[in-house]
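A.B. asks: take this sequence and fold it.
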Amino acid sequence: MKTLYDVQQLLKKFDIYVYVGKRLWDIEVMALELDHLHDAQLITHKEFIQAKLILNREHRVEEKKESRGNNIGKETDRN
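C.D. replies: Below is the predicted model of the structure:
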């Protein structure tokens, strides 16, 4: 498991399809669903850790994109 797509495929095995409409929120809901699968012992600990690491990385990437997007068009006061 290496990509967000791989995590989606893991969730799909349990008929879990996540689409909230915003990628950052989708990642957060997927993380919650993974927690539930792990708590119910439906996935291995290794699968859980791999998936959580992928989601954490993707979450950071999306947050960085959002913060860059919020700064576009803003002027800085250099006086």
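
A.B. asks: how close does the residue lying closest to residue 43 once chain neighbours are set aside sit to residue 64?
C.D. replies: Computed as Cβ to Cβ, 6 or more residues apart in numbering, the closest residue to residue 43 that is not its neighbour in sequence is residue 37, at 4.8 Å. Every C-beta, even on glycine, is put in place using the N, C-alpha and C of the backbone. According to Cβ to Cβ, to the nearest Å, residue 37 and residue 64 sit 28 Å apart.

A.B. asks: neighbour count: those two, which is higher?
C.D. replies: Neighbours per residue (other Cβ atoms under 10 Å) separate residue 37 from residue 64, with residue 37 holding more: 19 against 10.

A.B. asks: tell me the pLDDT at the residue nearest in space to the middle of the chain?
C.D. replies: Compute the mean C-alpha point of the chain, and by Cα atoms, centre = their mean the closest residue is residue 27, 2.6 Å away. Listed pLDDT for residue 27 reads 98.

A.B. asks: residues contacting it?
C.D. replies: The contact partners of residue 27, taken as Cβ atoms under 8 Å, 6 or more residues apart in numbering, are 4, 55, 58-59, 62.

A.B. asks: quick one on the thing from earlier: name the SS class of the residue nearest to residue 43, please.
C.D. replies: helix (DSSP: H, G, I helix; E, B strand; the rest coil).

A.B. asks: now do it against residue 24, distance only.
C.D. replies: 21 Å.

A.B. asks: could you do residue 5 as well?
C.D. replies: With Cβ to Cβ as the criterion, residue 5 and residue 24 are 17 Å apart.

A.B. asks: all set, thanks.
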